[in-house]
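> Just need the structure, nothing else, for what follows:
(chains A and B)
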Number of protein chains: 2
Amino acid sequence: MSSTTASIADTLVVRHRETLDEALTAIRTRDHFSAYPESPSPRVYGESAAAEGKAAFEALLGSMFRVETAGAAGSVTTERSPYGIELEVAYPRLTAAGIDALLEASRRGLVGWRDAGPAVRAAVCQEILARLHARVFELAHAVQHTSGQAFVMAFQAGGAHALDRALEAVAYAYDEMTRHPATAVWEKPGRGDPVRVDKTFTPVPRGVGLVIGCHTFPTWNSWPGLFASLATGNPVVVKPHPGAVLPLAITVQVAREVLSETGFDPDLVALAAEADGDRLAADLAVRTEVRLIDFTGSNAFGEWLEQHATQAVVFTEKAGVNTVVIDSTSDFTAMCGNLAFSFALYTGQMCTAPQNVLVPEAGIETDQGHKSYADVAAGIGAALDRLLGDDAKAVEVLGAVVDDGVLARLEAARSQGQVLVESRSIEHPGWPEARVRTPLLVGLAVADEAVFSAECFGPVVYLVATSSTEVSLQTFVRTVTAHGAMTASVYSTDPQVLDDARAAALDAGVALSENLTGPVFVNQSAAFSDFHGTGANPASTAAFTDGAFVAPRFRIVQSRRHA
Amino acid sequence: MSSTTASIADTLVVRHRETLDEALTAIRTRDHFSAYPESPSPRVYGESAAAEGKAAFEALLGSMFRVETAGAAGSVTTERSPYGIELEVAYPRLTAAGIDALLEASRRGLVGWRDAGPAVRAAVCQEILARLHARVFELAHAVQHTSGQAFVMAFQAGGAHALDRALEAVAYAYDEMTRHPATAVWEKPGRGDPVRVDKTFTPVPRGVGLVIGCHTFPTWNSWPGLFASLATGNPVVVKPHPGAVLPLAITVQVAREVLSETGFDPDLVALAAEADGDRLAADLAVRTEVRLIDFTGSNAFGEWLEQHATQAVVFTEKAGVNTVVIDSTSDFTAMCGNLAFSFALYTGQMCTAPQNVLVPEAGIETDQGHKSYADVAAGIGAALDRLLGDDAKAVEVLGAVVDDGVLARLEAARSQGQVLVESRSIEHPGWPEARVRTPLLVGLAVADEAVFSAECFGPVVYLVATSSTEVSLQTFVRTVTAHGAMTASVYSTDPQVLDDARAAALDAGVALSENLTGPVFVNQSAAFSDFHGTGANPASTAAFTDGAFVAPRFRIVQSRRHA
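The predicted model follows:
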């Protein structure tokens, strides 16, 4: 760094120090912490922020997005709004032919970025987050119109919460890089004078990090890996899902802007946009320069990466069969209400949405007396009606269907068992072209394991009748051990059942929520407190975010000499 | 755990708490720390310890070793002392047919071990180390007569230092598992009452850990992975090199003894001894139950593991081309003496022994004036003569040749270039059948890169003439980046060259020692201070021991409920 850029970097370290310290405390206490307000209210963000953000988003439509990608040739336009508006944003197109040039450019700034050290890298990452936060309304529109999330959810999950998760990753990275001192004096006592050796310990990056984004959560799922790799010194190539490029294009644009301003090579962060049907992620993933991969998506490609990208450390989040075990409840109405919201939120298009609800065929005990299996189905149906009865309110929960695959699975699910609660089609009051569906509840027997042991991504919930809660817990452990899960939850008034469920969750390696009846939902994972995913079952090889998420992203190189 | 075993475990936690605290401090300061005295002196270990340890070792010879292995059938005897004594120790033989039974038994105690928690697991591991320490003389003989190390080195590198490295791994594991609280209250402020959620965070093991030992450092190289996996809750299967079973058989015996006494399943640690030529490690490594692999050995099998054992996290230490760059020195005699010791120690049969010495063909400046390339060779030769002139003293440095492969490579190396210092054969005064050789110094040109870019494991050193120190540093970075290295060192009186060497070492991803002329040697790596290996070049995928060495060995499973 020149002295000017060193001074800019120092300014950033000072500016962001307090937030970093708060984040460092939060990752150790796992208490509530947030650096980015989740309410899009004018009282928080100012009177003009919403309109300005919307205008900024609209100004991007129908134009060539302003970002440079080394090795790219021509442009590509691949996005389609689930709400039906014309996006037509073009991006530089990268193909296999451009990969050499891209990776060469990526690595050009590696030494300068490495030598800046942990404190400056963390501060530059925080500055990127601050600039993204300044564009949070614009980002929310970008997330809404690529993923189909409703606006407020896009603002929160795609904006504020995603920023928190990214900051959390930066905090873990900084913590891990600084757990050892930069220098030490080793003094070994002996017969005569002690032997004294001066040592330095320098974190060095692994190589290029590749981030492979998904369609439904382009920022929330990609930012932790992006910022964990970048903060630990690695250049990062961002390969978005062709259906959700814009949120990550804005991310890359901001990152390159901040890197340039602080005297680093902007190509340390690059956008790799591909045409639909290209296999750019696979081509990039096996390159020797690529040493870290963060992937969210299908089991098939996730497993392919784990098996073929053996030169890299691979962090995957794939699919699973999220499970709810219902044994009994002290608040039947609230339980059904909580579950209904979890099923409906963003049309179940969440890796954390519950799919398999295991309930004894003989029914359950509740505060409203005994409820049969059919009563449970009816209770959930009634709760869905309450939640989604008003179309204008319903669409703010449901958002829009992201792609045709969801509709196809929804249709196919109707013949997999007994339809207990029908899925309804809702006309969106604001966006008539949006495809909006309410959840389908399908009744299955425990013998239908072939059906419910596969993920059915979208608004499909299986109400599986079992012979007992004990069998429910066994089924839960067996299916999650074999097929994975991101979440699990249990309802019971019996402390022994809760203990058994907790033991079952440890065996299955999945996070457990117990008796959620209030404003916390199983599919929500709070930054700085909840570990998202575990890596302990087939649904993921990693958690957002813990020591194992950052420690393998860098190495320590030491030097030593006599003092 | 029953209340009795819980009380035993608690006693161990109290007993070992102070040492654990010291180790936790040491891994954060990277200052000097050792919990196990390295001197085999009677003043330290008592008058009878040496004789008792020798007797204990001798009592093992010619008998069936007392350890049970689930799935084993019959016995196997595969070791041969490099000093020529009859070992004839038999071990339960495991073949591919027994793997199912072994892994089933391994996993039987997993839940009990998991539920014991980090503090009890660390204390049980420390108790195993304390019992191994009580048998350190016996272990030293076992290491000497399998690896060929001289006795004092076997006592230190195979005993005291290995115990320190193991304790270091336990400390990192404990630190990593406890960086998050076991429970937390998450309190999110809102409009009304805050939302309060009680959470638990439980470290859970990944699965079975497989430790694949090597011939030359059966304990030092295997214990860090073994104890890192065990402390983080994983059952461990230990597959020793057929030539060095006894040190790990003693390890497993002690571990099982302590596990049994503390109420855990002894099969949590198992010995998997195979016949020469079996492929037990490969068969075990790809089993789905095996989720962690620690390997020390050849590039070929290490790379095979990295590419094929994709269900596991693989920590490998393989071969490389350890490099010395000589630019200039302020103490020519001491430099040559230091290098001579590094070349001679254990006949160069160390993954850290220097192989390629890069020196300008025009010679170097020294405190004794200009020294030509030939002068440098002669200086090293003279230093080797001083160090190894007395046979009785020489064998205490050299130890014995471990296998025929070393002799074959030594012979072949004579024709690879100009022999500058001949290798001598020394008759061991105590063990006439031991094969003892002094280092061979072979002159090469920088154009001979095909020769010196392959590891020649054993007492072979290449003195490579380069056109300048700049070319030496470039050659260093190029060969280490492509072929790996565990160590590097530089000699220079020029601060700029030292800076350049440090930058080169960061680029090559290898630990650097500078101007070693005293009692510290490039091939020695001190527990709690030096990171052994980096994972940043092809010689290894991991360092002993840092956050990345322990963090991926467990996962965090949380549960949460409204407070």
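> Pull up the residues of the stretch 401-550 of chain A that are close to chain B.
Neighbours of chain B within the stretch 401-550 of chain A, by Cβ under 8 Å from any Cβ of the partner chain: A:502, A:505-507, A:509-520, A:526, A:529-531, A:534-536, A:543, A:546-548. Heads up, the C-betas are built off the backbone N, CA and C, glycines and all.
> Just the buried residues of the residues you listed.
Those of these that meet the buried threshold are A:502, A:505-507, A:509-517, A:520, A:526, A:529-531, A:534-536, A:543, A:546-548, by 16 or more other Cβ atoms under 10 Å in any protein chain shown.
> Among the residues of the stretch 401-550 of chain A next to chain B, which ones are in strands?
Judged by DSSP state E, these include A:512, A:513, A:514 as members of strands.
> For the helix or strand where residue A:302 lies, name the packing helices and strands.
Using DSSP states H and E, residue A:302 falls within helix A:299-308. In terms of contacts (3 or more Cβ pairs under 8 Å, 6 or more residues apart in numbering or on different chains; DSSP states H and E), helix A:299-308 is packed against helix A:280-285, strand A:290-296, strand A:313-317.
> could you give the angle of the second one to strand A:313-317?
Read it as strand A:290-296. Put simply, strand A:290-296 runs at 10 degrees to strand A:313-317, going by axes from the mean of the first three to the mean of the last three Cα atoms, to 10 degrees.
> What pairs with strand A:290-296, parallel or antiparallel?
Taking DSSP bridges as the criterion, strand A:290-296 forms sheet pairs with strand A:208-212 (parallel), strand A:313-317 (parallel).
> Would you mind finding the most buried of those?
Across the strands paired with strand A:290-296, averaging neighbours per residue (mean count of other Cβ atoms under 10 Å in any protein chain shown) puts strand A:208-212 on top, at a mean of 29.
> what about it, average pLDDT?
For strand A:208-212, mean pLDDT is 98.
> Could you export it as PDB, CA atoms only?
Output of strand A:208-212 as PDB, limited to C-alpha atoms (Å, rounded to 0.1, in the frame of the first residue of the first chain):
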ATOM      1  CA  VAL A 208      -9.200 -18.200  -5.100                       C
ATOM      2  CA  GLY A 209     -12.600 -18.600  -3.500                       C
ATOM      3  CA  LEU A 210     -15.600 -19.500  -5.600                       C
ATOM      4  CA  VAL A 211     -19.000 -18.600  -4.500                       C
ATOM      5  CA  ILE A 212     -21.900 -20.300  -6.200                       C
END
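> For the stretch 251-400 of chain A, which residues are neighbours of chain B?
By Cβ under 8 Å from any Cβ, the residues of the stretch 251-400 of chain A that approach chain B are A:306, A:307, A:310.
> what about the residue nearest to residue A:95 when sequence neighbours are not counted, is that helix, strand or coil?
Nearest residue to residue A:95, sequence neighbours excluded (Cβ to Cβ, 6 or more residues apart in numbering or on different chains): residue A:278, at 6.5 Å. Here residue A:278 takes the coil state, with states given by DSSP: H, G, I helix; E, B strand; the rest coil.
> Could you give the number of residues near residue A:278?
As a burial measure, residue A:278 scores 19 neighbours (other Cβ atoms under 10 Å in any protein chain shown).
> repeat for residue A:129
Quick note: residue A:129 (other Cβ under 10 Å) scores 26 neighbours.
> quick one: contacts for it?
A:163, A:166, A:167, A:170, A:227 (Cβ atoms under 8 Å, 6 or more residues apart in numbering or on different chains).
> Looking at those, spot the one nearest residue A:14.
Within those, proximity to residue A:14 (Cβ to Cβ) peaks at residue A:170, which comes in at 16.2 Å.
> Whether the helix or strand hosting that closest one contacts chain B - can you check?
Assigned by DSSP H and E, residue A:170 belongs to helix A:161-177. Yes. On the criterion Cβ under 8 Å from any Cβ, helix A:161-177 is in touch with chain B at residue A:176.
> now stretch A:32-45
Yes. Stretch A:32-45 is in contact with chain B by Cβ under 8 Å from any Cβ, via residue A:32.
> For chain B, see how far away residue A:476 is.
Taking Cβ to the nearest Cβ, to the nearest Å as the criterion, residue A:476 is separated from chain B by 14 Å.
> hang on, the earlier thing: got a list of contacts for the helix holding residue A:302?
So helix A:299-308 is in contact with A:281-282, A:285-286, A:293, A:295, A:314, A:316-319, A:455, A:538, A:541, B:310, going by Cβ under 8 Å, 6+ apart.
> and the angle for it with helix B:299-308?
Relative orientation of helix A:299-308 and helix B:299-308, computed by the same axes, to 10 degrees: 170 degrees.
> pLDDT of helix A:299-308, averaged?
The pLDDT scores in helix A:299-308 average 96.
> Then stretch A:384-402?
This predicted structure assigns stretch A:384-402 an average pLDDT of 97.
> got the buried residues for that stretch?
A:384, A:387, A:388, A:394, A:395, A:397, A:398, A:399, A:400, A:401, A:402.
> about what we covered before: could I get the strands paired with strand A:290-296 in CSV, plus columns for distance to residue B:237?
Shown next, in CSV, are the strands paired with strand A:290-296 (distance: least, Cβ to Cβ, whole Å):
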stretch, distance to residue B:237
strand A:208-212, 33
strand A:313-317, 24
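> Looking at those strands, which is nearest to residue A:18?
With Cβ to Cβ, the closest approach to residue A:18 among the strands paired with strand A:290-296 belongs to strand A:208-212: 27.7 Å.
> which non-adjacent residue is nearest the spatially most central residue of chain A?
Among the residues of chain A, the one closest to the centroid is residue A:221, at 2.4 Å (Cα atoms, centre = their mean). Distances taken as Cβ to Cβ, 6+ apart put residue A:296 closest to residue A:221, at 4.1 Å, once the chain neighbours are dropped.
> and what of residue A:67?
If the residues on either side of it in the chain are set aside, residue A:67 comes closest to residue A:253, at 4.8 Å by Cβ to Cβ, 6+ apart.
> Relative to residue A:128, how far out is that neighbour?
Residue A:253 sits 10 Å away from residue A:128, going by Cβ to Cβ, to the nearest Å.
> hang on, the earlier thing: right, so of the strands paired with strand A:290-296, which gets closest to residue A:422?
strand A:313-317 (31.3 Å).
> tell me the SS of residue A:434?
coil.
> tell me the domain ranges of chain A?
A:3-28+A:45-179+A:204-318, A:323-514 (automatic domain parsing).
> For these, give me TSV that also has distance to residue B:208.
Converted to TSV, the domains of chain A look like this (distance: least, Cβ to Cβ, whole Å):
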stretch	distance to residue B:208
domain A:3-28+A:45-179+A:204-318	18
domain A:323-514	15
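> Indicate which one of those domains is closest to residue B:557.
Checking those against residue B:557 by Cβ to Cβ gives domain A:323-514 as the closest, at 5.4 Å.
> how about residue A:418, what does it touch?
Counted by Cβ under 8 Å, 6+ apart, residue A:418 has contacts A:442, A:443, A:444.
> out of those residues, who has the most neighbours?
Neighbour counts for these, by other Cβ under 10 Å, peak at residue A:442, which reaches 25 neighbours.
> what residues are up against that one?
The contact partners of residue A:442, taken as Cβ under 8 Å, 6+ apart, are A:413, A:414, A:416, A:417, A:418, A:419, A:420, A:460, A:461, A:462, A:463.
> Then residue A:99?
Contacts for residue A:99 (Cβ under 8 Å, 6+ apart) come out as A:71, A:283, A:284, A:287.
> Run through who's touching the helix or strand where residue A:476 lies.
With secondary structure defined by DSSP H and E, residue A:476 is part of helix A:469-483. Outside helix A:469-483, the residues that touch it by Cβ under 8 Å, 6+ apart are A:320-321, A:323, A:325-327, A:356, A:358-360, A:446, A:449, A:452-455, A:464, A:466, A:485, A:488, A:492, A:497, A:500-501, A:504, A:507-510, A:537-539.
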